[in-house]
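1. Quick one: sequence plus predicted model below, questions after.
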Amino acid sequence: MTRLASEDDFLAAIDRHFTNAHPHLCVGRGDDCAVIACPPRMAVSTDLFNEHSHFRTSYFSPGDIGHKALAVNISDLAACGARPLGFSLALTAPADLSREFCDEMLAAMAALAREHDMALTGGDLTRGDALSLCITVWGGPAPRPAPAGVAEGGAGVGGDGSGGGNAGILPRPASGGASPFLRRGGCQPGDQLFLMGRAGLARVGLLALESMGTEAARLYPEACRAHLRPRPQVAAGLALAAICGTGDARIALMDVSDGLARDLPRLIGADRGSGLGAELAMDPDAQPGEVRAYALANDLDPVDMAFTGGEDYALLGSCRPAMLDAVRAAVPGLTLLGRVTADGVVLVNGDLPVSAGFDHFSG
């Protein structure tokens with residue numbers, strides 16, 4: 001292993017893996033600031049990915065770390081229905097970080113960035129006791145043809161985000177031709193709840209890796225992949241945004257990072273006083289096979305595993321009942337979860353959940 005000798009060594013590694021030419025970049029890396037070609041509206045998000053808090057090098061490969069650090073950020077753009085454009089990377093590295101480790105980590109990150117045509121604009125580097133990656137991503141609305149018979153910026157497009165029927169979307173600009181950004185909230189009683197992705201697998205992967213180390217990948221390969229290398233649901237988010245923004249179309253959307261138990265109340269606005277609840281129907285036999293297998297081997301409830309979850313990076317959404325056919329056509333393979341209710345209580349198969357889900361600052 002060859003230790004990184006200087007900051008220039010790291011910058012050279014960046015240049016080996018990331019192009020500095022991109023349609024989104026007017027001035028790329030190497031100056032005090034990058035200059036980016038911004039669309040009129042951008043969605044922006046930041047996530048930390050810290051050793052000991054979010055990953056362990058005992059079972060995360062350097063490539064897993066690079067992939068997941070960027071993937072969890074891209075998932076936020078997917079939840080907004082945004083098209084990824086670029087990102088910046090701030091890295092804290094221990095003194096013994098090797099060139100080989102750095103190359104593998106950056107290669108996996110660059111592969112995911114190329115998959116989504118994202119530019120790396122720059123960032124920062126410092127030394128610390130543990131490895132930490134802080135990534136900021138941004139994206140723009142996906143272009144789309146204006147629907148026939150609908151004036152640009154037509155009536156019924158989502159409002160100012162203060163609530164009401166279209167609070168789940170942000171307005172399309174008067175110039176038209178672009179999908180709206182999606183957001184949480186704006187749900188109403190009777191709205192249908194759906195999930196794009198598979199809940200519970202990443203939790204099984206985490207628990208198995210923590211207890212078995214790398215041997216877990218032999219017994220629970222799909223669950224370990226879900227935890228180590230999540231796949232952001234960008235195409236699904238773009239497809240859902242494309243059917244919103246005109247008439248009475250209304251979709252609320254968010255990514256599931258803390259588990260359905262914690263994130264469902266956020267989607268329906270229960271954490272902001274909406275007074276709404278939900279009734280979910282989750283068949284134990286319909287849960288992913290490795291969730292059922294792990295639950296059986298450890299005397300656990302597969303539905304509770306899926307509902308509590310965490311780090312699923314699936315998309316959780318709601319829509320008016322009349323939109324459900326259009327949603328299913330836009331995103332084949334989604335799972336129907338249940339419906340929004342007016343009573344302020346979340347029920348899973350008729351019962352109160354046994355857990356409120358994961359919280360970074362509890363326990």
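-> Received the coordinates, thanks.
2. Where is the longest strand in the chain?
-> strand 82-93 (DSSP state E).
3. and residue 211, that's in a helix?
-> Yes. Assessed with DSSP: H, G, I helix; E, B strand; the rest coil, residue 211 lies in a helix.
4. and it, how many neighbours does it have?
-> 10 (other Cβ atoms under 10 Å). C-beta: built from backbone N, CA, C; applies to glycine.
5. What are the buried residues along the next helix or strand along the chain from the longest strand of the chain?
-> Per DSSP states H and E, the first helix or strand lying C-terminal to strand 82-93 is helix 99-115. Judged by neighbour count using 16 or more other Cβ atoms under 10 Å, the buried positions of helix 99-115 are 99, 101-110, 112-113.
6. related to what we said a few turns ago, what distance separates the longest strand of the chain from the middle of the whole chain?
-> 14 Å (Cα atoms, centre = their mean, to the nearest Å).
7. For the buried residues of helix 99-115, point out the one with the lowest pLDDT.
-> Lowest pLDDT within these is found at residue 99 (92).
8. Isn't that residue up against residue 2?
-> Yes. Residue 99 lies in contact with residue 2 (Cβ atoms under 8 Å); the separation is 4.4 Å.
9. Please report how far residue 114 lies from residue 107.
-> Distance, residue 114 to residue 107, using Cβ to Cβ, to the nearest Å: 11 Å.
10. Check residue 119 too.
-> Residue 119 is 17 Å from residue 107, by Cβ to Cβ.
11. ok, now which ones touch the residue lying closest to residue 221 once chain neighbours are set aside?
-> Leaving out its chain neighbours, the residue that sits closest to residue 221 by Cβ to Cβ, 6 or more residues apart in numbering is residue 290, at 8.0 Å. Counting by Cβ atoms under 8 Å, 6 or more residues apart in numbering, residue 290 makes contact with 201, 204, 220, 221, 222, 223.
12. Narrow the residues you listed to just the buried residues.
-> 201, 204, 220, 222, 223.
13. How many residues are close by the nearest residue to the first one once chain neighbours are set aside?
-> For residue 201, the nearest residue in space outside its immediate sequence neighbours is residue 226; the separation is 3.9 Å by Cβ to Cβ, 6+ apart. For residue 226, the tally of surrounding residues (other Cβ under 10 Å) stands at 28.
14. Run through the residues that contact residue 226.
-> 198, 201, 202, 204, 205, 312.
15. Need the per-residue pLDDT for the closest residue to residue 96 other than its chain neighbours.
-> Spatial nearest neighbour of residue 96, chain neighbours left out: residue 3 (6.5 Å); criterion: Cβ to Cβ, 6+ apart. Reading off the confidence values, residue 3 has pLDDT 78.
16. give the contact list for residue 3.
-> 95, 96, 97, 98, 99.
17. correct me, but residue 231 touches residue 70?
-> No. Assessed by Cβ under 8 Å, residue 231 is found out of contact with residue 70, at 11.8 Å.
18. neighbour-wise, which of the two wins?
-> residue 70 (29 against 17).
19. Now the more buried one: which helix or strand?
-> Going by DSSP H and E, residue 70 is in helix 62-79.
20. relative to strand 82-93, how tilted is that helix?
-> 140 degrees (axes from the mean of the first three to the mean of the last three Cα atoms, to 10 degrees).
21. CA-only coordinates of stretch 207-222 in PDB, if you can.
-> Taking Å, rounded to 0.1, in the frame of the first residue of the first chain, the C-alpha atoms of stretch 207-222 are listed here in PDB:
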ATOM      1  CA  LEU A 207     -27.700  -6.500  10.900                       C
ATOM      2  CA  ALA A 208     -26.100  -9.400   9.100                       C
ATOM      3  CA  LEU A 209     -22.900  -7.600   8.300                       C
ATOM      4  CA  GLU A 210     -22.600  -6.300  11.900                       C
ATOM      5  CA  SER A 211     -23.000  -9.700  13.300                       C
ATOM      6  CA  MET A 212     -21.200 -11.900  10.700                       C
ATOM      7  CA  GLY A 213     -18.900  -9.500   8.900                       C
ATOM      8  CA  THR A 214     -18.200 -10.300   5.300                       C
ATOM      9  CA  GLU A 215     -19.600 -13.800   5.700                       C
ATOM     10  CA  ALA A 216     -23.000 -12.200   5.600                       C
ATOM     11  CA  ALA A 217     -22.700 -11.700   1.800                       C
ATOM     12  CA  ARG A 218     -22.800 -15.400   1.300                       C
ATOM     13  CA  LEU A 219     -26.100 -15.900   3.200                       C
ATOM     14  CA  TYR A 220     -27.800 -12.600   2.400                       C
ATOM     15  CA  PRO A 221     -26.200 -11.400  -0.900                       C
ATOM     16  CA  GLU A 222     -29.200  -9.200  -2.000                       C
END
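22. quick one: average pLDDT of it?
-> Per-residue scores along stretch 207-222 average to 96.
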